[in-house]
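**Student:** I would like the atomic coordinates for the input below:
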Amino acid sequence: MITNLLAYKLAVKGLYVAGLAINKDVLNPFRENEPQEDLHVPFNKPHMTGFEMKYINDVLSEGKLCSDGKYTRKCQDFFEMMYDVEKCILTSSCSDALEMSAILLDIQPGDEVIMPSYTFVSTANAFMLRGAKVVFADSAADHPGIDEDKIEELITPKTKAIVVVHYAGVATDMDKIMSIATKHDLFVVEDAAQCIDAFYKNRALGTIGHLGTMSFHETKNLGCGEGGMLMINDPQFIQRAEVIKEKGTDRSKFLRGEVDKYGWVDMGSSYQPNEMTAAFLYAQLEQVQKIQKKRLAIWNRYYEELKELEVLGYAKMQVVPDYALHNAHMFYMVLPNHDVQQKLMVYLKKMGISAVFHYNPLHSSACFEGKHDGRELSNCDKYDQCLLRLPLYTDMTLAEQKTVINKVWRFFLQK
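**Tutor:** Modelled structure (predicted):
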């Protein structure tokens, strides 16, 4: 039935390019063989490597439970060596890493910080808590990340930093971003929350701007429930970052024997996770390549099985520029309008499949009411109204993914 409908739709549209209407590689078993109807597919499942409890028990046996122990150092060393980061600091969340970034950049009331509106609230919160005026930029026409060509027109004498968000683990054009920042003497913070093992021209995301942040929330490729990382790429920030993460004290110097006692020397807070959290995360980091291989296979299968929806005009597929190596953090489609987005999401829910839209634009949020300058951010609004994320998690089975693929096709072909 699905095969006949697809051929019919293609014939009506006159789309016989490359044999799409009759090519058996297009009409493959993922859509021809329906899985069991009662198979439920969640949006996300946290992955376990099997070594988490071993390392947590090691922490318990050693009796060092607070922050900055053996496993914290292992996690930090992993990033510094594998991704060539100047200095890494493990944090309790990506939100904490962003807050540390705002303090390190000495953001003051009245300073302006440019960032995309299509992002999670933590991106803006970190800088607004320091009194900054957040200036929202539009998304690009072909991807939800910041439109690099719209940044420079937003810069004023009060602008202090640009915050870029690599949405879905797909890089923005960092050469353009860094060129603009250098020209106007601005700092760049990469919100790389979704970007473990994702790259821009062979450079790991989060390692290109002056500062970078990452998340290890349970919804990310690698997780520990809640966790984050601050990546310091400009050496001028290293010494102060050690103070900030130690509640504003020079305790790190004391522990290294550089001072005979420690005291309060700067502002700071409690930004570090406990050792059990770090131990859990390290078990995940050890298997990053294995995890990534699984996720990329799932992402590629989605793309191959759903890309004809774009030919038919039903949906646009995720765009990955040539300069970017993504990490299969998510698979999303951009639908023609809000009505289709909502109807497909409701339909999949009825079929036992959890698919979700993503960010409500921050510029139109209740918290930001009256603070936006009135510019239309049309691309940002488009993704709010039209983007839909499909389930993708490391342990997703073939049967689960076939269920999603088949139901998506059924939705469109039964219309």
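**Student:** So which elements touch the lengthiest strand in the chain?
**Tutor:** The longest strand of the chain (DSSP state E) is strand 159-165. Using 3 or more C-beta pairs under 8 Å, 6 or more residues apart in numbering; DSSP states H and E as the contact test, the elements touching strand 159-165 are strand 112-116, helix 121-128, helix 174-184, strand 187-191. C-beta: built from backbone N, CA, C; applies to glycine.
**Student:** Let me know the angle separating it from helix 121-128.
**Tutor:** Angle, strand 159-165 to helix 121-128, by axes from the mean of the first three to the mean of the last three C-alpha atoms, to 10 degrees: 170 degrees.
**Student:** Helices of the stretch 251-400 of the chain, start to end?
**Tutor:** Taking DSSP state H, counting those that start in this stretch as the criterion, the stretch 251-400 of the chain carries its helices at 251-255, 275-285, 288-306, 308-311, 338-350, 378-386, 398-413.
**Student:** Need those in JSON lines (columns: mean neighbour count and mean pLDDT).
**Tutor:** Shown next, in JSON lines, are these (neighbours: other C-beta atoms under 10 Å; pLDDT from 0 to 100):
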{"stretch": "helix 251-255", "mean neighbour count": "17", "mean pLDDT": "83"}
{"stretch": "helix 275-285", "mean neighbour count": "24", "mean pLDDT": "98"}
{"stretch": "helix 288-306", "mean neighbour count": "17", "mean pLDDT": "98"}
{"stretch": "helix 308-311", "mean neighbour count": "17", "mean pLDDT": "97"}
{"stretch": "helix 338-350", "mean neighbour count": "16", "mean pLDDT": "98"}
{"stretch": "helix 378-386", "mean neighbour count": "19", "mean pLDDT": "97"}
{"stretch": "helix 398-413", "mean neighbour count": "20", "mean pLDDT": "97"}
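**Student:** and residue 220, which of these is closest to it?
**Tutor:** Proximity to residue 220, assessed across the helices of the stretch 251-400 of the chain by C-beta to C-beta, is greatest for helix 275-285 (9.6 Å).
**Student:** what angle separates the closest one from helix 288-306?
**Tutor:** Using the same axes, to 10 degrees, the interaxial angle of helix 275-285 with respect to helix 288-306 works out to 60 degrees.
**Student:** Quick one: list the elements packing against helix 275-285.
**Tutor:** Applying 3+ C-beta pairs under 8 Å, 6+ apart, we find helix 275-285 packed against helix 52-62, helix 70-82.
**Student:** For those helices, state which one has the densest average packing.
**Tutor:** Burial of the helices and strands packed on helix 275-285 is given as mean neighbour count (mean count of other C-beta atoms under 10 Å); helix 70-82 ranks first at a mean of 18.
**Student:** what packs against that one?
**Tutor:** Going by 3+ C-beta pairs under 8 Å, 6+ apart, helix 70-82 lies up against helix 52-62, strand 87-91, strand 228-232, helix 275-285.
**Student:** Residues contacting that helix, please?
**Tutor:** By C-beta atoms under 8 Å, 6 or more residues apart in numbering, the list of residues contacting helix 70-82 from outside reads 55, 59, 62, 64, 85-90, 229, 231, 272-273, 275, 278-279, 281-282, 285.
**Student:** number of nearby residues for the nearest residue to residue 318 once chain neighbours are set aside?
**Tutor:** Leaving aside its chain neighbours, residue 318 sits nearest to residue 332 (5.6 Å; criterion: C-beta to C-beta, 6 or more residues apart in numbering). When neighbours are defined as other C-beta atoms under 10 Å, residue 332 has 24 of them.
**Student:** Sweet, I'm off.
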